[in-house]
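*Asks:* here is the input, now give the coordinates:
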Amino acid sequence: MSENPILISFPESFETERLLIRAPQWGDGIFCNEAIGESLEQLKPWMPFAQTMPTVEQSEAYVRKARLSFLERSDLPLHLFDKQTGEFVGSSGLHRFDWDVRRFEIGYWLRTSRSGQGLMTEAVNGITGFAIQELKASRIEIRCNEMNRASARVAERAGFTLEGILRKSAREQTGELANACVYAKVKGYEF
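*Replies:* Numbers count the residues shown, from 1 in each chain. So this is what the prediction gives:
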């Protein structure tokens, strides 16, 4: 029998070379909203939440729910901040996990003005290390639409192995069925 996840203690923040990565906090909604507004057109094909521009209040409500999910260990959303400027640069986290197996999936998005700087690869590497060291992960996955080459490149640069393509396993925002790539790092193989 596995430990009750709500009793598992681990840090709410950690750092990489350029990033502060931390659990959502009350008040983060305005930063998230600004980044979504800047990046809406680039996020729209891949992210269900980016189909319409949320209000600041809707973003804050989302952040508060994300905070509660983090505390109850039902989802582990993480916000990414530039350590030097304090700018909110994106969101990531560990999702759709199985505490018994210690399997986690990393999801992510980056504000458009900060793309092409290697920040998301750095964040994924930091989150992977956090999952291995703090959460005793046995398997970490990244799943993305086969057509989302930017997301796939992050997984590849971070050393994840493409395990397969799940054909017609997800619905695109257009309603069409899409193929999903499954990348993974597995204890005893990649770490």
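*Asks:* element containing Pro54?
*Replies:* Pro54 belongs to no helix or strand when elements are defined using DSSP states H and E.
*Asks:* that one against Ile36, yeah?
*Replies:* Yes: between Pro54 and Ile36 there is a contact under Cβ atoms under 8 Å: 6.6 Å. Every residue, glycine included, has its C-beta placed from N, CA and C.
*Asks:* list the contacts of Arg157.
*Replies:* 118, 121 (Cβ atoms under 8 Å, 6 or more residues apart in numbering).
*Asks:* from His79, how far off is it?
*Replies:* Applying Cβ to Cβ, to the nearest Å, the value for Arg157 to His79 is 21 Å.
*Asks:* neighbouring contacts of the lengthiest helix in the chain?
*Replies:* Criterion DSSP state H: the longest helix present in the chain is helix 56-72. Contact with helix 56-72 is made by 5-6, 12, 23-30, 32-33, 36, 49, 54, 75-77, as judged by Cβ under 8 Å, 6+ apart.
*Asks:* centre of the chain to it, how far?
*Replies:* Its chain's C-alpha centre and that of helix 56-72 lie 15 Å apart, by Cα atoms, centre = their mean, to the nearest Å.
*Asks:* buried ones in it, by neighbour count?
*Replies:* For helix 56-72, a neighbour-count test (16 or more other Cβ atoms under 10 Å) marks 58-60, 62-64, 66-67, 69-70 as buried.
*Asks:* show me what counts as buried in stretch 143-159.
*Replies:* Neighbour-count burial for stretch 143-159, counted by 16+ other Cβ under 10 Å, picks out 143-146, 151-152, 154-156, 158.
*Asks:* run a quick neighbour tally on Gly86.
*Replies:* 9 (other Cβ atoms under 10 Å).
*Asks:* how close does it get to Ser59?
*Replies:* To Ser59, Gly86 is 18 Å away according to Cβ to Cβ.
*Asks:* for Ser169, same thing?
*Replies:* 29 Å.
*Asks:* where does pLDDT dip in the chain?
*Replies:* For the chain, applying pLDDT under 70 flags the ranges 1.
*Asks:* and the strands in it?
*Replies:* For the chain, the strands defined by DSSP state E occupy 13-15, 19-22, 76-82, 88-98, 103-110, 139-145, 161-171, 177-186.
*Asks:* no further questions, thank you.
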